[in-house]
Each structure stands twice: as C-alpha cells, then as structure tokens.
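Engineer: Here you go, sequence then predicted model.
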Amino acid sequence: MPTNPLNHLNFSAGPGALPESVLLQAQQSIIEVPDVGLSILGISHRSDWFTSVVAELEDNIRKLLGLAGNYHVLFLQGGTTQQFSMIPMTLLRGRTTAADYLHTGYWSGKAITEARREGSVREVWSGEASGYRQLPSEEELVFAPDAAYLHYISNETVEGLQFHRVLGRDDVPRICDMSSDFLSQPCEANRYSLIYAHAQKNIGPAGVTVVLIRDELLKDAPGDLPGFLDYRNHIQAHSNYNTPPVFAIYVVLLISRWLLNDIGGLEQMGEINRRKAELMYRTLDESNGFYRGRAELQARSTMNATFNLRDQKTEQRFLAEAHAAGFSGLDGHRSIGGVRASLYNGLTLAAVEQLAGFMEDFLRRN
Ligand code: PMP
C-alpha cells in the first residue's frame with residue numbers, strides 16, 4: 001500500500017483533507033463493501049447494512065460528544081445552507097418574538113438573510129466595523145431573555161474567527177452552526193438545543209449534514225411545513241425519509257471510527273489540532289510582519305488560519321509557488337482574498353510542518 005498516494009497536501013477550506021486510511025477504505029467500498037459483496041454505489045438505502053451504518057454512526061457521534069438521550073441525531077441533505085432556512089421556518093415562523101443572531105462574518109450574514117424571510121431578527125452584535133477581524137468579548141454581548149433562540153457560528157470559515165467559549169443564556173435555546181469545527185475538539189454539546197454541521201470540513205465529503213436536535217425544541221413547530229423541511233419526518237424515518245447519500249454517510253461513519261479508535265476521541269483530536277494551529281500562527285508571528293495574520297489574536301481559529309503578505313503581487317507569487325510546490329487550496333475566500341490555510345482533522349501535523357518550512361523558505365528568498 002502506498003504511504004502517500006496524494007501528490008498535493010490539501011489545505012482547502014472545504015471540501016477538505018480526509019485521513020488517508022479513510023480514503024483507502026472508501027476506495028475499496030466503491031468496488032465492494034466488505035461482507036456485503038456489492039459496490040457501495042449500488043447498495044439500497046433500505047438494506048439492513050445501511051440501517052446498521054446509520055445506527056453505528058449515530059452511536060459513535062453520541063459517544064464522541066457524550067450526547068444526552070433527549071437529542072435526535074439526523075443526517076440530512078441540502079448542506080448547511082438548507083439549515084439556515086429550516087431553523088427559522090421551524091422556530092421563528094408565525095412568532096412575534098425575535099431571534100438573536102450574531103453577525104460575525106460571511107456565513108452568519110447568510111444565515112441572517114434567510115432568517116429574516118421567516119420572522120424578526122435582532123442582530124446582537126456585528127463585526128462589520130472591524131471588517132470581521134474580531135469577535136465580541138462577553139461584556140459586549142447582551143442577550144434577550146425572551147428571544148425565540150440565539151444563533152451563532154462557532155467558526156467563521158471565511159475570516160478564520162473562532163469562539164473559544166459557549167455563548168448565550170441557558171434559558172434561551174442555543175443554536176450553533178459548527179460546520180467548520182464540528183468534532184475537531186470537545187464542544188459541550190449538551191448545552192445547545194441544536195447543532196448543525198455539514199460533513200465536508202472535518203468529517204467527510206459533501207452531501208450530508210449532521211443535525212443534533214433536542215427533542216423539546218420541536219414541540220411548537222408549525223404543522224404545515226413542506227414534508228422534506230420538517231425535522232419530525234426525518235426523526236421518524238431515522239434519516240431515511242427519501243434516498244439519502246449512502247456513500248457520504250458511510251464515509252462519515254469511517255471518520256467517526258477513526259476518531260474513536262485511531263485518534264482516541266475529541267480531547268486527543270483537539271490537542272492535535274491545537275498543535276497544528278500553534279505551529280501555523282507561530283510561523284506568522286515570527287516572520288517580522290512578512291506574513292500578517294488577519295484575525296485578532298483572541299479570535300484566531302484553530303481550523304482556518306487567514307493571513308496576508310505585504311502586497312498583492314507578493315501574495316499572488318506566494319500562492320503560485322506554494323501550489324507548484326504541492327500545497328493545494330491556500331487561496332483565501334473569493335469575498336476577501338488573501339491566504340487561508342485550513343487545518344481540518346484530516347490534515348496531519350507533518351503537512352503543516354511542511355507548509356511552515358515552505359513559508360520560512362519563501363520569506364528568506366523574499
Ligand atoms: N456555514 C459555514 C460555517 C460554512 O463554512 C459554509 C461553507 N463553507 C456554509 C455554512 C455553507 O455550507 P453549504 O455549502 O453546505 O451549504
């Protein structure tokens with residue numbers, strides 16, 4: 001078996017790098033799933049095998065997070081973007097009270113736009129004035145005690161901003177988009193009423209979105225939602241309401257096994273991710289201003305390190321040379337440009353060491 005079948009190291013913000021051992025099992029499953037005798041691309045979503053995949057994955061996620069029994073674990077389609085709509089459709093439509101939203105960057109802006117279609121939104125805090133380079137301190141936040149719910153994004157993927165604490169009041173439903181840091185570290189999941197995260201950053205390929213939802217949150221949901229957009233239908237059908245993405249869900253199962261058995265759990269995963277981020281930011285901070293971190297220090301993300309070089313021309317040359325040297329996916333998001341190194345679960349510390357070495361060398365040559 002090759003030890004490194006890939007020519008490029010994947011620093012993309014998503015879909016992102018997946019562990020090599022998982023890729024090899026996924027490759028095998030395309031030809032034949034062990035013990036089933038069929039390609040995964042042709043296995044029925046109603047088969048006993050797929051039922052057992054969903055059950056084991058749900059169980060693994062519960063184990064990894066220490067999730068309480070009053071949560072449903074769902075595997076849905078439509079990406080995180082669909083959740084931006086499903087959440088306010090379920091919890092805001094027809095209500096007189098507003099929902100509290102934090103506007104911390106590109107993706108929370110999208111979530112707010114969708115919520116406003118369904119009801120009233122109060123922006124608790126906006127990072128617009130700082131160009132979305134900061135996150136609020138506790139003193140800057142006043143949450144409404146009667147809000148329909150509080151919504152925020154734990155890690156703003158575009159800007160590279162991450163909350164390193166849980167926000168909000170315990171008596172208001174707390175809802176969080178964890179798309180870009182889900183299962184990358186422990187997260188006190190039981191303090192949230194709803195957590196959602198698409199797979200294509202830390203836990204698999206695109207096509208499936210994990211939703212953890214506390215049962216009581218749905219008690220007043222409207223009765224006339226489209227069937228596909230009603231969480232209750234997915235709960236009742238055990239994430240098999242219509243044909244689900246069998247392959248994507250299987251890869252997420254492989255990742256959950258890898259997290260449990262190879263990595264040893266979320267404490268260990270968090271420690272590895274912290275070391276990767278530390279090395280990345282040290283490389284920026286010890287460059288005498290050659291590499292300029294975008295996010296304010298306390299808000300720096302362990303998942304997406306965003307930075308600029310002294311001018312556009314040098315930045316473009318850096319990106320071109322990095323790509324030629326085998327470092328893929330470093331371009332910043334189209335909305336803000338710059339450089340973004342994404343350090344998801346599947347990317348190894350050795351890969352970050354190689355990038356840091358390249359960056360030091362580029363600095364010396366320039
Ligand atoms: N939320 C966050 C934090 C994201 O990073 C992204 C995509 N990168 C989205 C939402 C949108 O996700 P999707 O493409 O699955 O709809």
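Structural biologist: It's in. This structure is a prediction, so every number in the text was calculated from the model and none was measured. Numbers count the residues shown, from 1 in each chain.
Engineer: Neighbours of the residue in the stretch 1-150 of the chain that the ligand sits nearest to, how many?
Structural biologist: The nearest approach of the stretch 1-150 of the chain to the ligand comes at Gly79, 2.7 Å away (CB to the nearest ligand atom). Backbone N, C-alpha and C define where each C-beta goes, glycine included. Using other CB atoms under 10 Å, Gly79 has 17 other residues around it.
Engineer: now swap in Pro88 and tell me
Structural biologist: 27.
Engineer: And it, how far from Ile195?
Structural biologist: 16 Å (CB to CB, to the nearest Å).
Engineer: Show me which residues of the stretch 151-300 of the chain sit near the ligand.
Structural biologist: By CB under 6 Å from any ligand atom, the residues of the stretch 151-300 of the chain that approach the ligand are Ile153, Thr157, Asp177, Ser179, Ser180, His198.
Engineer: on that earlier part again, need the nearest residue in space to the residue of the stretch 1-150 of the chain closest to the ligand, chain neighbours excluded.
Structural biologist: His198 (5.2 Å; CB to CB, 6 or more residues apart in numbering).
Engineer: Reformat the residues of the stretch 151-300 of the chain next to the ligand as a markdown table; add pLDDT.
Structural biologist: Putting those into a markdown table (pLDDT from 0 to 100) gives the following:
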| residue | pLDDT |
| --- | --- |
| Ile153 | 98 |
| Thr157 | 98 |
| Asp177 | 98 |
| Ser179 | 98 |
| Ser180 | 98 |
| His198 | 98 |
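Engineer: Show me which pair in those residues is furthest apart.
Structural biologist: Within those, Ile153 and His198 form the most distant pair, 12.4 Å apart (CB to CB).
Engineer: Give me the subset of the residues of the stretch 151-300 of the chain next to the ligand lying in helices.
Structural biologist: Cross-referencing those against helices under DSSP state H gives no overlap.
Engineer: Strands - which of these land there?
Structural biologist: Residues of these located in strands (DSSP state E): Ile153, Asp177, His198.
Engineer: and Glu353, which of the three is it?
Structural biologist: Secondary structure, DSSP: H, G, I helix; E, B strand; the rest coil: Glu353 is helix.
Engineer: Can you show me the CA trace of the longest helix along the chain as PDB?
Structural biologist: In terms of residue count, the longest helix belonging to the chain (DSSP H) is helix 266-285. Provided in PDB are the C-alpha atoms of helix 266-285 (Å, rounded to 0.1, in the frame of the first residue of the first chain):
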ATOM      1  CA  LEU A 266     -12.100  14.500  20.800                       C
ATOM      2  CA  GLU A 267      -9.700  15.500  23.600                       C
ATOM      3  CA  GLN A 268      -6.900  13.900  21.600                       C
ATOM      4  CA  MET A 269      -8.200  15.400  18.300                       C
ATOM      5  CA  GLY A 270      -8.400  18.800  19.800                       C
ATOM      6  CA  GLU A 271      -4.800  18.500  21.100                       C
ATOM      7  CA  ILE A 272      -3.500  17.600  17.600                       C
ATOM      8  CA  ASN A 273      -5.400  20.400  16.000                       C
ATOM      9  CA  ARG A 274      -4.100  22.900  18.700                       C
ATOM     10  CA  ARG A 275      -0.600  21.900  17.900                       C
ATOM     11  CA  LYS A 276      -1.100  22.300  14.200                       C
ATOM     12  CA  ALA A 277      -2.600  25.800  14.700                       C
ATOM     13  CA  GLU A 278       0.100  26.800  17.100                       C
ATOM     14  CA  LEU A 279       2.800  26.000  14.500                       C
ATOM     15  CA  MET A 280       0.900  27.900  11.800                       C
ATOM     16  CA  TYR A 281       0.400  31.000  13.900                       C
ATOM     17  CA  ARG A 282       4.000  30.900  15.200                       C
ATOM     18  CA  THR A 283       5.200  30.900  11.600                       C
ATOM     19  CA  LEU A 284       3.100  34.100  11.000                       C
ATOM     20  CA  ASP A 285       4.100  35.800  14.300                       C
END
